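>>> Need the 3D shape of this:
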Amino acid sequence: MQNYVFVVDTNKQPLNPIPPARARELLTKEKAAVFRMYPFTIILKHTVLNPTLKPLTVKLDPGSKFSGIAVLDEENVIWVAELEHRGGQIKNALESRRSLRRSRRNRKTRYRQPRFNNRKRTEGWLAPSLMHRVFTIETWVKRLCRYAPIVQITMELVKFDTQAMQNPEIDGVEYQQGELAGYEVREYLLEKWGRKCAYCDQEAVPLQIEHIHPRAKGGSNRVSNLTLSCQRCNTKKGTRSIDEFLQKNPSRLKKIQRQAKQPLRDAAVVNSTRWALFQTLKNILPTTTGTGGQTKYNRTRLELPKHHWVDAACVGNVEKLNLLTQQPLRIKCTGWGTRQMCGTDKYGFPIRHRERKQVHFGFRTGDIVKAVVLSGKKVGQYVGRLLCRKIGSFDIVTHVGRVAGISYRFCTPIHKQDGYSYKF
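Modelled structure (predicted):
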C-alpha cells in the first residue's frame, strides 16, 4: 500500500489527495502532469470550481535522530514519512571548526584580549544542531500545507512526563489513575537501558521494573533508582542491595551505577527542542499535543508495529486507525553543501580551495537524476543522487552503490537539490 498522491489544480491550489491508481489514470489520460517528485504531487490541467475539501491533520512524532510524519483524513492514514536529522553532523562540524580556529589563533596571536563579555545569547537560544531539528520539521509541515488542505497539527510535546517519573504514585493526574499508569516510566527505562536486562544483558524477554536500592531497605521510586531486569534476575536479587548482589562482578556494578545517574541524551534533545517546535508550529496552524506515554498506549492498544511513522499516527487522542499506506517516504537531511571555501588538513593548514561555481551543465551536486547509457562500459539505466564535476563526468549514487564516470549528456533531472535525499 503506497502513499496517497497530492493534487493541485492549474492555479496551484491544493485539492484532496487521491489513491495512486487514480493518479496513474489521470496521468495516462493526460489530464494531469507530474508537478513534484518528492513528495509526489500532480497538477491538473484545468481549474476546479468550488472544490469540496476534506480537512486533513498532520501528526508529528519529533525525535532526536528520526521524526515521524503522518497525514490523516479523520481515522485514515493516507501519507507517511520518516525524517532523518543531521544534528550530529552539525555538532561534529562545529567542533572541528572550533578546534581549527583555536589552533590557528594560538599560532598567530601572542596575546588576545578576552572577548567573553561582549557575547550574549538571546532568550530561548538553542544550539544550531538543535534548531536544525525545529527548522526541518517546520519546512516539511509548510511543504505539506502547500500541497494538501491541512487544517490542524498534532505533535508529541512531552516525550517523558518527568513529574510522573519522579513519583509514579502522584495524585491528581487523570491518566495516571487509569489505563496509562506506568507507561511514561517504562518507556523511559526501555530507552535508557537499551531494552535488555541490566544484570544479564538478555534481550527479547519480558522485562520488569526493578529497584536498584530495594524498597524494603528504604529505596525510593525515583527514576534514578529504577532499572530493568528479567524475571530470573529480579527473583534472584530479591531484597538484597546491588552491592551485595554484584559483589563478584565489580565491572557490571560500576556500569549500572554509572548508567543510573547518566541522563538520556536523546531524551534531553527532545525535551530541549519541544517548546521551540511547538511555538513554531502554533504560528502555522492550530496545534494540539499529546505525551509519549499516550502514544505508546495507543500503539499497543491498536496492536501496531513500532515505527516512527506509526508513532506519529498514534499521537494524541486516537480511537481507531485505518492504515491506507504502509510505505513511508524516507527523507534524509543532507544539507546544501559546505560554506567552507578552503579545505584544511588535520593541523589547520590549507590544502585545497573550493570553486564558487556549483552549477555545471545545468546540474549541481544533490540533484536526483535518471541516466540512460546506451553505449560504452556503463550501459544501463541509473536513478540516484548526483555528484557533479565541472568536467562533465558525474557520479550517481543509487540504492545499490555508486556508479562513476557518467557523462552529463545521458542525465535527465528528476528532482532538483533541496537539501534532502529520498528513498522508499
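>>> Could you check which helix or strand contains the closest residue in space to Leu100 that isn't next to it in sequence?
Leaving aside its chain neighbours, Leu100 sits nearest to Gly348 (4.3 Å; criterion: Cβ to Cβ, 6 or more residues apart in numbering). Any C-beta I mention is one placed from the backbone N, CA and C, and that applies to glycine too. In the assignment (DSSP states H and E), Gly348 maps to no helix and no strand.
>>> who touches Gly348 in this structure?
100, 103-104 (Cβ atoms under 8 Å, 6 or more residues apart in numbering).
>>> Give me the secondary structure label for Ser99.
Classification of Ser99 using DSSP: H, G, I helix; E, B strand; the rest coil returns helix.
>>> on that earlier part again, how near is the residue nearest to Leu100 to Ser375?
Using Cβ to Cβ, to the nearest Å, Gly348 is found at 47 Å from Ser375.
>>> same deal with Glu303?
54 Å.
>>> cool, Pro20 as well?
Distance, Pro20 to Ser375, using Cβ to Cβ: 35 Å.
>>> Between the two, tell me which one has more neighbours.
For Pro20 versus Ser375, neighbours defined as other Cβ atoms under 10 Å are more numerous around Pro20 (14 against 7).
>>> Sketch out the low-pLDDT regions of the stretch 201-350 of the chain for me.
Scanning the stretch 201-350 of the chain for pLDDT under 70 picks out 263-264.
>>> mind listing the helices for it?
Ranges of helices within the stretch 201-350 of the chain are 231-237, 242-245, 250-261, 265-282, 292-301, 308-313, based on DSSP state H, counting those that start in this stretch.
>>> Just name the most buried of these.
Stretch with highest mean neighbour count among the helices of the stretch 201-350 of the chain: helix 308-313 (a mean of 25; mean count of other Cβ atoms under 10 Å).
>>> so what's Arg195 closest to, chain neighbours aside?
Leaving aside its chain neighbours, Arg195 sits nearest to Glu203 (6.6 Å; criterion: Cβ to Cβ, 6+ apart).
>>> rewinding a little: kindly reformat the helices of the stretch 201-350 of the chain as a markdown table containing distance to Gln326.
Shown next, in a markdown table, are the helices of the stretch 201-350 of the chain (distance: least, Cβ to Cβ, whole Å):
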| stretch | distance to Gln326 |
| --- | --- |
| helix 231-237 | 34 |
| helix 242-245 | 44 |
| helix 250-261 | 36 |
| helix 265-282 | 25 |
| helix 292-301 | 14 |
| helix 308-313 | 9 |
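>>> The ones you listed: which one's closest to Pro128?
In terms of Cβ to Cβ, the element of the helices of the stretch 201-350 of the chain nearest to Pro128 is helix 265-282, at 11.9 Å.
>>> The closest one packs against which elements?
Here helix 265-282 touches helix 128-147, strand 150-158, helix 183-192, strand 287-291, going by 3 or more Cβ pairs under 8 Å, 6 or more residues apart in numbering; DSSP states H and E.
>>> Save the ones you listed as CSV, and put in mean neighbour count and distance to Lys370 too.
Output for the helices and strands packed on helix 265-282, formatted as CSV (neighbours: other Cβ atoms under 10 Å; distance: least, Cβ to Cβ, whole Å):
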stretch, mean neighbour count, distance to Lys370
helix 128-147, 18, 23
strand 150-158, 20, 31
helix 183-192, 20, 41
strand 287-291, 19, 39
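>>> With respect to Asp418, which of the ones you listed lies nearest?
helix 128-147 (9.2 Å).
>>> got a list of contacts for the closest one?
Here helix 128-147 makes contact (Cβ under 8 Å, 6+ apart) with 6-8, 14, 36, 39, 41, 58, 60, 62, 64, 67, 69, 71, 79, 81, 83, 85-88, 90-91, 94, 126, 150, 153, 269, 272-273, 276-277, 280-281, 284-285, 331, 333.
>>> which among these end up buried?
For the contacts of helix 128-147, a burial check counting by 16 or more other Cβ atoms under 10 Å picks out 6-8, 14, 36, 39, 41, 58, 60, 62, 64, 67, 69, 71, 79, 81, 83, 85-87, 90, 150, 153, 269, 273, 276-277, 280-281, 331, 333.
>>> check contacts around Ala276.
Residues near Ala276 by Cβ under 8 Å, 6+ apart: 124, 126, 130-131, 134.
>>> Which single one of those is nearest to Thr52?
Using Cβ to Cβ, Val134 comes nearest to Thr52 of those, at 34.4 Å.
>>> what about the closest one, distance to Ala260?
In this view, Val134 and Ala260 are 31 Å apart by Cβ to Cβ.
>>> Distance of Gln257 relative to Thr334?
40 Å.
>>> And Thr295, by the same measure?
From Thr295 to Thr334 the distance is 28 Å (Cβ to Cβ).
>>> With adjacent residues omitted, what lies nearest to the spatially most central residue of the chain?
Nearest residue to the geometric centre of the chain (Cα atoms, centre = their mean): Phe66, 2.2 Å. The spatially closest residue to Phe66, leaving aside those adjacent along the chain, is His308, at 4.9 Å (Cβ to Cβ, 6+ apart).
>>> give me every residue that touches that neighbour.
For His308, the contacting residues are 61, 63, 66-68, 82, 328, by Cβ under 8 Å, 6+ apart.
>>> Looking at those residues, point me to the pair that's furthest apart.
Gly63 and Pro328 (13.8 Å).
>>> Among the buried ones among the contacts of helix 128-147, name the ones in strands.
6-8, 36, 41, 58, 60, 67, 69, 71, 79, 81, 83, 150, 153, 331, 333 (DSSP state E).
>>> surely Leu302 meets Leu323?
No. Taking contacts as Cβ atoms under 8 Å, Leu302 lies outside contact range of Leu323: 9.6 Å.
>>> what do those two both touch?
Counting by Cβ under 8 Å, 6+ apart, Leu302 and Leu323 have no contacts in common.
>>> what bits of the stretch 51-200 of the chain have low per-residue confidence?
Applying pLDDT under 70 to the stretch 51-200 of the chain flags residues 108-110, 112, 114, 116-118, 158-184.
>>> same thing but 90
Low-confidence regions of the stretch 51-200 of the chain, defined here as pLDDT under 90, cover residues 51, 63-65, 74, 88, 93, 96-125, 157-195.
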